[in-house]
Structures are given as C-alpha cells and as structure tokens.
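1. Show me the folded form of this:
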Amino acid sequence: MANFVGVYDACVLYRPALRDLLVRLAATGLFRARWSDEIHEEWIRAVLSNRPDLKREQLEHTKAEMEKAIPDAAVTGYQELVLGLNLPDPDDRHVLAAAIRCQAGVIVTYNLKDFPPEALALYGLDVQHPDEFIQHLFDLSPARVCAVVRDQRAALKNPPRSVAELLDTFRRAELATTVAALETMGQLL
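-> Predicted coordinates:
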C-alpha cells in the first residue's frame, strides 16, 4: 500500500460515478483515500436534498460499502483542530482538519478556491481538482486506472454502459483531461 494520502471532500463523493471511480482507484493501492464521518454526512445530506426519490438508508448502505472497500479510510480525532484553522468558508475547516490529522498530501475537491494554497502550505498539503488527481494516477499507472474503469463499467448492469457512455458520464463530472487520456486506451476499457 502506498503512503501517499488523499482526503476526498464531500463534493467529489456526491456524484455516484465519480464516487465509485474514486473508491475503486483507492482500492488499487496507488494511494490511501481518507474521509471522515462529517464528510460522509455532508455528501449524504446534499444528495438527499437534491434526490427526494432516494432514502437515507440507501446512502448509508453506500457509505457502508465504501467503508468496507477502504477499511482504514475513516479519519477521527481531528475535531479539536477545526477552530484553529482559517479558510474562506469556515464550513470547510473540518476537511482541512481531517487532512492534517491523517497527514494527507492532497485534498481532492471541486472547490479549489475554498482551499487556498497559502492556507494549505503550512501543513504540507496540496489541493487538486478530481480531474487533476485522476490524471496523476493515470500518469503513474495507466494500466491500473484502465483496469479500474473497465471493472467499473462491467459492474454497471442496470443499465449497462458502453465505453462512450461511461466516458460521457465522466466528462459531465468535469473530468475532461481524464476522459481524453482514457479515450486513447479505449480498447482496454
């Protein structure tokens, strides 16, 4: 298992396809994914507020499956750090605190402006858009990333997805660079 640690912000766990991809990538051992119960609660609340057709129990099941897939992902003991942190959005301090506590190298988020480099540098942290993060993993091990995407696509049964359909889902999730790289490897997906 790699020692490099990435904390997933709630916003990257909101979309099912991206959440599935990120959890599957973490299971490769290329890095260690981390999150907290507070991060889980944040994405679950957001999904429930926008998807009244879903029930909390369904999302709690998803959370349990994530915990089963990455058993050491839960960050605890970070709460005492929150009040001493300064970010543009105080509601994001718990993410930074969790990243500090687990000695992460990166926070993966869509909300780059909420984690300014000068606020993270003190803790040796970087912030990356999920597209940049996945692209780095692809550069590190294209075969593993392709295998993850192939397995993710194979698991989609209701309805099944073609390579083009899955890549279009990733494109809608703002993963343009990742999609461009994966398109060159279409035969492996």
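
2. send the alpha carbons of the worst-scoring helix or strand of the chain on mean pLDDT over as PDB?
-> Across the helices and strands of the chain, mean pLDDT, DSSP states H and E gives its lowest value to helix 117-121, namely a mean of 94. Extracted as PDB, the C-alpha positions of helix 117-121 are listed here (Å, rounded to 0.1, in the frame of the first residue of the first chain):
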ATOM      1  CA  PRO A 117      -2.600  27.200  -1.400                       C
ATOM      2  CA  GLU A 118      -1.300  29.600   1.200                       C
ATOM      3  CA  ALA A 119      -3.700  28.100   3.800                       C
ATOM      4  CA  LEU A 120      -2.600  24.600   3.000                       C
ATOM      5  CA  ALA A 121       1.200  25.100   2.600                       C
END
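
3. which stretches of this protein have low pLDDT?
-> The chain contains residues with pLDDT under 70 at 1-2.

4. what ranges do the helices span in it?
-> For the chain, applying DSSP state H gives helices covering 10-13, 16-26, 37-50, 56-69, 79-82, 93-101, 117-121, 130-140, 142-155, 163-172, 176-183.

5. before we move on, back to that, list of residues touching the least confident helix or strand of the chain?
-> Contact with helix 117-121 is made by 85, 86, 87, 96, 107, 126, 127, as judged by CB atoms under 8 Å, 6 or more residues apart in numbering. In this view, the C-beta of every residue, glycine as well, is placed from N, C-alpha and C.

6. residue contacts, the second one?
-> By CB under 8 Å, 6+ apart, the contact set of residue 86 is 93, 119.

7. Residue 4: which of the helices of the chain is closest?
-> helix 130-140 (9.7 Å; CB to CB).

8. Who are the packing partners of that closest one?
-> helix 16-26, strand 106-108, helix 142-155, helix 176-183 (3 or more CB pairs under 8 Å, 6 or more residues apart in numbering; DSSP states H and E).

9. Kindly recompute the last result at 7 Å.
-> The helices and strands touching helix 130-140, judged by 3 or more CB pairs under 7 Å, 6 or more residues apart in numbering; DSSP states H and E, are helix 16-26, strand 106-108, helix 176-183.

10. Counting by contacts, list what the shortest one packs against.
-> If I follow you right, that is strand 106-108. So strand 106-108, by 3+ CB pairs under 7 Å, 6+ apart, packs with strand 5-8, strand 126-128, helix 130-140.

11. re earlier: save the helices of the chain as TSV, and put in distance to residue 4 too.
-> Compiled in TSV, those are given as follows (distance: least, CB to CB, whole Å):
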stretch	distance to residue 4
helix 10-13	17
helix 16-26	11
helix 37-50	19
helix 56-69	18
helix 79-82	21
helix 93-101	13
helix 117-121	16
helix 130-140	10
helix 142-155	14
helix 163-172	22
helix 176-183	18
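
12. now those helices as TSV including mean neighbour count?
-> Converted to TSV, these look like this (neighbours: other CB atoms under 10 Å):
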stretch	mean neighbour count
helix 10-13	24
helix 16-26	21
helix 37-50	16
helix 56-69	14
helix 79-82	14
helix 93-101	24
helix 117-121	13
helix 130-140	19
helix 142-155	17
helix 163-172	16
helix 176-183	17
